[in-house]
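Participant: Structure here, sequence nowhere to be found:
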């Protein structure tokens, strides 16, 4: 019997709503901070499979979530494509050389960097019972490309968006390379034990409609098609953050099995425009769980009511803030578990 989360992602609606949180393994947990201090840098932790396994499981011990999301980072793919990756304290990730100034052909492929991630998935899956779903993930090509081109995160993705207009062929080559690597990476995660996977497109909202089709829908559709051909039983969750009114086009164009909503989307509207039985994931504002209190509970109940007629996975609209109090997470979990919709 599949766990509640996996069953829901396959399109089945039962009396209970499964729950997991984006970035549930991480800095808001004191046990994570303790292990991070012991192990050193973030990337060292990601590539240390026993430690990454421990971090992945930590939130399950506290909260009993229905899914374990792999502890890793979307920038493992550019690292495997040959860019140097560093996480600098207070500055975030840096990739070099930035592809705004260099060519993809200058990089040396290093696919062995996927191996410790696969090992993490194997170790986590071995420790989970059958009721808990193992979730793998990758960054979607557009979002990963924005980091590879600029060499770092940016507020408006200016470098990648400019390249889309001034050197379309170069951007297409970068996106194609990310797409192909991501297919291999996700199949590897599935073969290691991931039962569902999520595609994170954190910067999908920065694109004009025609550009959204070219750089978000088309490459994600290629990934989904390849995964369905190779591993047809694995549900795929799409998360195009900021897509807004383009969500129905994303769903129709990519073929994802489930759609994750960011906090700016009204779940009642989403319920009215998305395919009737499609699983929807989301979408409490991460700042609301940070604030806590009755407002958090009221909004969570609104989300649960709005999506009660379809398969629904409760989650946040993006990653949990590192300053979120543990007791707020506990209250949210209790709210979802006790929901009588």
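Facilitator: Okay, I see it. If you're wondering where the values come from, they're calculated on a predicted model, not measured in any experiment. Numbering: from 1, shown residues only.
Participant: Any idea how many residues pack against the nearest residue to residue 9 once chain neighbours are set aside?
Facilitator: Using CB to CB, 6 or more residues apart in numbering and skipping residues adjacent in sequence, the residue nearest residue 9 is residue 235, 3.9 Å away. The way it works is simple: take the backbone N, C-alpha and C, and place the C-beta from them, glycine included. Residue 235 is flanked by 22 other residues according to other CB atoms under 10 Å.
Participant: Got the phi and psi for residue 235?
Facilitator: Main-chain torsions, residue 235, degrees, to the nearest 10: phi -60, psi 150.
Participant: and it, what does it touch?
Facilitator: The contact partners of residue 235, by CB atoms under 8 Å, 6 or more residues apart in numbering, come to 6, 9-10, 195-197, 257-258, 279.
Participant: Which members of these are positioned in strands?
Facilitator: Counting by DSSP state E, the contacts of residue 235 place 196-197, 258 in strands.
Participant: Of these, keep whichever come out buried.
Facilitator: Taking 16 or more other CB atoms under 10 Å as the criterion, what is buried in these is 196-197, 258.
Participant: And the strand or helix carrying residue 288, what's buried?
Facilitator: Using DSSP states H and E, residue 288 sits within helix 286-291. By 16+ other CB under 10 Å, the buried positions in helix 286-291 come out as 286, 288-290.
Participant: Just send the residues you listed back as CSV, with pLDDT too.
Facilitator: Conversion of those to CSV gives the following (pLDDT from 0 to 100):
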residue, pLDDT
286, 98
288, 98
289, 98
290, 98
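Participant: how about the helices in the stretch 51-200 of the chain?
Facilitator: Ranges of helices in the stretch 51-200 of the chain, per DSSP state H, counting those that start in this stretch, are 76-81, 115-127, 141-150, 158-166, 168-192.
Participant: Can you add distance to residue 222 and pLDDT and give the contacts of residue 235 back as CSV?
Facilitator: Converted to CSV, the contacts of residue 235 look like this (distance: CB to CB, whole Å; pLDDT from 0 to 100):
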residue, distance to residue 222, pLDDT
6, 24, 98
9, 21, 98
10, 23, 98
195, 22, 98
196, 19, 98
197, 15, 98
257, 16, 98
258, 18, 98
279, 22, 98
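Participant: Point to the helix or strand of the protein where mean pLDDT is at its lowest.
Facilitator: Scoring the helices and strands of the chain by mean pLDDT, DSSP states H and E places strand 84-88 at the bottom, with a mean of 91.
Participant: how about that strand: buried residues?
Facilitator: Going by neighbour count (16+ other CB under 10 Å), the buried part of strand 84-88 is 85, 87.
Participant: can you check stretch 236-246 too?
Facilitator: Result for stretch 236-246 [16+ other CB under 10 Å]: buried residues 236-243, 246.
Participant: Distance of the residue nearest to residue 9 relative to residue 197?
Facilitator: 8 Å (CB to CB, to the nearest Å).
Participant: Just list whatever residues bridge to residue 200.
Facilitator: residue 139, residue 239 (DSSP bridges).
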